[in-house]
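**Student:** show me the folded form of this:
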Amino acid sequence: MMGDPKYKTVDGMIEALQVLANYMSKKLAETYFLEAEHDVICSSASVADCPEDSKDGQRLRALGWHVDSEYDEGYWAYFT
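**Tutor:** Numbers count the residues shown, from 1 in each chain. You can find the predicted model right below:
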């Protein structure tokens with residue numbers, strides 16, 4: 001995973017937001033799509049919407065995202 005040149009980079013964060021936008025009703029025009037708690041950013045796109053084993057889920061993992069299963073089925077999250 002860490003071999004991806006976009007891993008934990010600004011470019012990778014932008015790509016991840018573009019991937020996650022595909023799972024939001026208003027795409028990139030969404031007004032509420034992230035929340036932060038301490039050192040983690042959580043997306044409103046759940047793992048039920050974008051499964052870990054999907055092509056997009058694998059890409060998010062390569063970019064440094066993980067599944068935070070603290071709530072319900074889990075959400076895509078990123079440690080800062």
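**Student:** name the residues of the longest helix seen in the chain that are buried.
**Tutor:** Counting by DSSP state H, the longest helix found in the chain is helix 10-21. Neighbour-count burial for helix 10-21 flags 12-13, 15-17, 19-21 (criterion: 16 or more other C-beta atoms under 10 Å). To be clear about C-beta, it is placed using only N, CA and C from the backbone, and glycine gets the same treatment.
**Student:** and for stretch 26-33?
**Tutor:** Residues of stretch 26-33 classed as buried: 30, 33 (neighbour count, 16+ other C-beta under 10 Å).
**Student:** end-to-end on it?
**Tutor:** By C-alpha to C-alpha, to the nearest Å, the extent of stretch 26-33 from end to end equals 10 Å.
**Student:** so for it, mean pLDDT?
**Tutor:** Across stretch 26-33, pLDDT averages out at 81.
**Student:** so what touches it?
**Tutor:** 17-18, 20-21, 24, 43-45 (C-beta atoms under 8 Å, 6 or more residues apart in numbering).
**Student:** between the buried residues of helix 10-21, which sits nearest Ser69?
**Tutor:** Leu20 (16.9 Å; C-beta to C-beta).
**Student:** switch the buried residues of helix 10-21 over to a markdown table; also include distance to Ala77 and pLDDT.
**Tutor:** As requested, the buried residues of helix 10-21 are exported to a markdown table (distance: C-beta to C-beta, whole Å; pLDDT from 0 to 100):
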| residue | distance to Ala77 | pLDDT |
| --- | --- | --- |
| Gly12 | 14 | 96 |
| Met13 | 13 | 93 |
| Glu15 | 16 | 96 |
| Ala16 | 11 | 95 |
| Leu17 | 13 | 92 |
| Val19 | 14 | 95 |
| Leu20 | 11 | 93 |
| Ala21 | 16 | 91 |
